[in-house]
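[1] I'll drop the sequence and a predicted model, then ask my questions.
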Amino acid sequence: MMGDQFARFAYLALLLVAVGGFLLVELRERPGRTLRMAAAWGLIFLGAIALAGLWPEIRNAVAPRERVLAGGRIEVPVGNDGHYRLTARVNDIAIRFVVDTGASSIALGPRDAERVGIDLDDLAYIGQARTANGIVETAPVRLESVTIGDIRDARVPAMVLRADLDESLMGMSYLSRFARVSIEDSVLILER
């Protein structure tokens, strides 16, 4: 551990000497311009630190996350675009879904399907689905598991769309597994 600390100290000392030497040379030749540039970089640095500190609050305001409560209750706040999004673990891989009551089943895009271990070359695109972008081919699949919080379902039927989806869809075949699906005060509530 001492070796790591010494290496960090040596690196920081060398960095301080390099930056300090550069500032001294620049201050001699152009003091006004150098001080303005140093102030600008200092403000940029402080802004980056403030942004890093506030990032969790900013992320929650821009892309609110679901809350999984005890007793099989999930609360999903509406996003700024009016859609409800939640993260489910599909085959133990986190996938972000748009909750879509207009979709008949779970619909995975090709990227998400590959992420959860589905080989796209082995799929039989034997169905069709009507989407906002027109009719696309679909391949039926069975997901080993879908987990949201403490709720875990095994051998869940789904489909892979032969279309470039930005986000996968969580449709009615999965939502119907919940005893209650409702919207209260712009929060989608799912209960088992």
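    Arrived safely.
[2] so where is the chain shaky, pLDDT-wise?
    In the predicted model, the chain carries pLDDT under 70 at residues 1, 55-65, 68-70.
[3] could you pull out the strands for it?
    For the chain, the strands defined by DSSP state E occupy 67-69, 73-77, 85-90, 93-99, 106-108, 127-131, 134-148, 151-161, 168-170, 180-184, 187-191.
[4] burial check on residue 92, number of neighbours?
    10 (other C-beta atoms under 10 Å). C-beta coordinates here come from the backbone N, C-alpha and C atoms, glycine included.
[5] could you find the closest non-adjacent residue to it?
    Spatial nearest neighbour of residue 92, chain neighbours left out: residue 145 (7.0 Å); criterion: C-beta to C-beta, 6 or more residues apart in numbering.
[6] that neighbour touches residue 95, doesn't it?
    No: assessed by C-beta atoms under 8 Å, residue 145 is found out of contact with residue 95, at 11.7 Å.
[7] find residues that contact each of those two.
    Common contacts of residue 145 and residue 95 (C-beta atoms under 8 Å, 6 or more residues apart in numbering): residue 89.
[8] ok, these two, which is more surrounded?
    residue 95 (23 against 15).
[9] distance between the ends of stretch 128-139?
    Its first and final residues considered, stretch 128-139 spans 8 Å by C-alpha to C-alpha, to the nearest Å.
[10] buried ones in it?
    Buried residues in stretch 128-139, defined by neighbour count with 16 or more other C-beta atoms under 10 Å: 129, 131, 136-139.
[11] if we can go back for a sec, tell me the bridge partners for the residue nearest to residue 92.
    residue 154 (DSSP bridges).
[12] state the distance from residue 191 to residue 113.
    Distance of residue 191 to residue 113, computed by C-beta to C-beta, to the nearest Å: 29 Å.
[13] same deal with residue 100?
    From residue 100 across to residue 113, the span is 17 Å (C-beta to C-beta).
[14] ditto for residue 41
    Counting by C-beta to C-beta - residue 41 and residue 113 are separated by 45 Å.
[15] returning to what we had before: residue 191 and residue 113 - which one has more neighbours?
    Neighbours were counted for residue 191 and for residue 113 using other C-beta under 10 Å; residue 113 has more, 25 against 15.
[16] the more buried one is in contact with residue 143, isn't it?
    No: Residue 113 lies out of contact with residue 143 (C-beta under 8 Å); the separation is 9.7 Å.
[17] so who does the residue nearest to residue 92 touch?
    Contacts for residue 145 (C-beta under 8 Å, 6+ apart) come out as 89-92, 152-154, 156.
[18] which of those residues has the largest number of neighbours?
    Of the contacts of residue 145, residue 90 is surrounded by the most neighbours, 25 neighbours in total, counting by other C-beta under 10 Å.
[19] what's opposite that one in the beta bridge?
    Going by DSSP bridges, residue 90 forms beta bridges with residue 93, residue 146.
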